[in-house]
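S.K.: can't give you the sequence, but here's the structure:
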């Protein structure tokens with residue numbers, strides 16, 4: 001039996017899958033491929049495979065609503081098209097005007113789609129993050145949940161949405177545990193999955209001292225993790241668990257120290273947002289749907305955590321994902337490259353992928369989708385088991401730029417150089433001309449090539465001699481460029 005994806009034994013910050021090092025990188029649909037009936041996930045996975053995407057997320061229960069800053073997606077199915085793990089039996093109507101759910105039965109259609117999705121993803125070698133539960137965010141989204149008492153014929157407490165990620169309601173909590181056990185039992189056979197406890201858990205919602213604290217939400221998460229471990233104890237495979245410690249709504253803080261510490265997870269999933277804190281410092285990685293680049297902050301946060309033993313996945317980057325245009329896509333290309341070249345993993349929601357457009361639009365195919373293919377091909381050509389971030393390698397950056405270096409000292413160096421100017425800054429997007437890069441290259445002879453992240457093409461190589469303070473004159477470039485240095 002194949003060993004499920006795991007941390008690489010020689011580099012705990014990357015993964016090993018089917019005997020090879022792996023980095024998680026994707027421009028993925030919005031996680032509703034199974035719950036949204038019209039979505040043809042075979043077309044989506046075929047394109048993801050062709051684009052060398054290594055990850056996709058999959059929500060098991062959560063259903064979202066479209067809003068002014070959160071466009072239509074597979075996670076927002078029309079009510080008749082929503083497929084839950086539970087069957088709709090009625091005759092009473094749920095709050096979405098469809099028949100109510102029976103929580104004492106399982107829905108064969110859901111599990112048939114789930115197994116077909118996971119099997120096909122396995123055939124393609126795509127990792128699936130199976131997201132068991134989620135924040136419910138507010139009353140309107142909570143009204144769509146099968147575990148809302150108003151939506152079921154089964155016996156369950158009526159609660160405010162803020163209590164969903166807690167153990168306050170014993171009957172609801174037992175339903176959540178039964179859901180987790182069922183998903184884990186059904187999916188244990190697959191080597192291409194890991195579990196996430198809860199998407200975006202949060203506490204201390206403003207307005208009442210009665211709202212759950214982050215500590216209470218974390219206790220609930222630990223109980224869920226314990227059930228995952230207990231369920232798998234008697235099953236053939238043992239899978240990794242991803243997640244994060246609960247954030248604080250007000251004053252907003254997304255701390256990652258607990259997540260990297262003794263918390264019950266193997267993979268740290270952090271959404272790149274403002275005031276994401278680590279080691280006493282906050283990192284402003286961009287407002288939600290803001291079209292901000294904030295590239296240096298992304299780089300610095302990734303590098304700050306580089307000595308931690310758990311992999312860091314910048315899970316669900318939405319800083320510009322609603323902007324389905326070259327500006328928005330270029331922002332995410334840069335953030336993806338900076339993340340991976342700093343030794344971490346990256347997930348971007350591609351909102352061009354929806355029902356009946358399962359491979360994205362012609363424009364997204366020409367831009368973000370092919371760009372992510374170039375990135376995946378490039379990163380997986382590096383010896384990831386041995387490569388590490390080298391933050392002291394670059395001694396001098398070109399103006400208006402940020403650099404990230406990944407390499408194996410004495411063998412190979414990969415330097416990503418990107419224009420860090422925001423769209424609102426003067427000169428943003430204009431070419432960088434005749435710039436110099438100063439690097440701390442050991443003595444020796446090297447070959448240097450340039451790689452274009454937009455075209456996927458290399459320049460011819462040149463020979464250079466190494467020394468501390470080696471100057472590399474860059475060709476003119478727009479937005480970003482990667483320099484590859486190999487010892488002769």
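M.R.: Nice, thanks for sending it over. It should be emphasised that the depicted structure is a prediction, and the values quoted were computed from it without experimental measurement.

S.K.: okay, which residue is most central for this structure?
M.R.: The central residue of the chain, meaning the one whose C-alpha is nearest the mean C-alpha position (C-alpha atoms, centre = their mean), is residue 315 at 2.4 Å.

S.K.: a strand runs through that one, doesn't it?
M.R.: Yes: according to DSSP: H, G, I helix; E, B strand; the rest coil, the state of residue 315 is that of a strand.

S.K.: List the buried residues of the strand ranked longest in the chain.
M.R.: Determined from DSSP state E, the single longest strand within the chain is strand 436-451. For strand 436-451, burial by neighbour count (16 or more other C-beta atoms under 10 Å) applies to 437, 439, 440, 441, 446, 448, 450, 451. C-beta: built from backbone N, CA, C; applies to glycine.

S.K.: Counting by contacts, list what it packs against.
M.R.: Here strand 436-451 is seen to pack against strand 394-396, strand 412-419, strand 462-473, strand 480-487 when contacts are counted using 3 or more C-beta pairs under 8 Å, 6 or more residues apart in numbering; DSSP states H and E.

S.K.: Single out the most deeply packed of these.
M.R.: For the helices and strands packed on strand 436-451, the largest average neighbour count (mean count of other C-beta atoms under 10 Å) is found in strand 412-419, namely a mean of 24.

S.K.: Strand partners (parallel or antiparallel) of that one?
M.R.: Using DSSP bridges, the neighbouring strands of strand 412-419 in the sheet come out as strand 401-408 (antiparallel), strand 480-487 (antiparallel).

S.K.: same question for the last one, mean pLDDT?
M.R.: Looking at strand 480-487 alone, the average pLDDT works out to 97.

S.K.: How far away from the center of its chain is it?
M.R.: For strand 480-487, the gap between its own C-alpha mean and the chain's C-alpha mean amounts to 26 Å (C-alpha atoms, centre = their mean, to the nearest Å).

S.K.: Show me the chain divided up by domain.
M.R.: For the chain, the structural domains run 6-379, 390-487, going by automatic domain parsing.

S.K.: So which of those is the most surrounded?
M.R.: Most buried of the domains of the chain by mean neighbour count (mean count of other C-beta under 10 Å) is domain 6-379; its value is a mean of 19.

S.K.: so which of the helices and strands packed on strand 436-451 gets nearest residue 197?
M.R.: Relative to residue 197, the nearest member of those by C-beta to C-beta is strand 412-419, separated by 32.2 Å.

S.K.: what's the angle between the closest one and strand 436-451?
M.R.: Inter-element angle recorded for strand 412-419 and strand 436-451: 110 degrees (by axes from the mean of the first three to the mean of the last three C-alpha atoms, to 10 degrees).

S.K.: Tell me what angle strand 412-419 forms with strand 462-473.
M.R.: 40 degrees.

S.K.: the helices in the stretch 201-350 of the chain, which residues?
M.R.: Across the stretch 201-350 of the chain, reading from the start of the chain, the helices by DSSP state H, counting those that start in this stretch fall at 214-233, 257-260, 295-304, 326-340.

S.K.: Need the residues that contact the second one.
M.R.: It stands for helix 257-260. Residues external to helix 257-260 that are found in contact with it (C-beta atoms under 8 Å, 6 or more residues apart in numbering): 218, 243-245, 265, 268, 270, 277-279, 305, 308, 310.

S.K.: One more pass at 10 Å, please.
M.R.: Counting by C-beta atoms under 10 Å, 6 or more residues apart in numbering, helix 257-260 makes contact with 214-215, 218, 242-246, 263, 265, 267-270, 277-280, 305, 307-310, 312, all of which sit outside it.

S.K.: Looking at the buried residues of strand 436-451, which one is closest to residue 174?
M.R.: residue 451 (53.4 Å).

S.K.: measure the residue nearest to the closest one when sequence neighbours are not counted to residue 442 for me?
M.R.: Closest residue in space to residue 451, ignoring its immediate chain neighbours: residue 482 at 4.2 Å, by C-beta to C-beta, 6 or more residues apart in numbering. Shown here: residue 482 relative to residue 442, a distance of 20 Å by C-beta to C-beta, to the nearest Å.

S.K.: mind checking the SS state of residue 106?
M.R.: Assigned by three-state DSSP, the conformation of residue 106 is coil.

S.K.: Am I right that it is in contact with residue 87?
M.R.: Yes: contact status for residue 106 versus residue 87: in contact at 7.5 Å, counting by C-beta atoms under 10 Å.

S.K.: Touching, residue 428 and residue 293? I think so.
M.R.: Yes: under the criterion of C-beta under 10 Å, residue 428 lies in contact with residue 293, with a separation of 8.6 Å.
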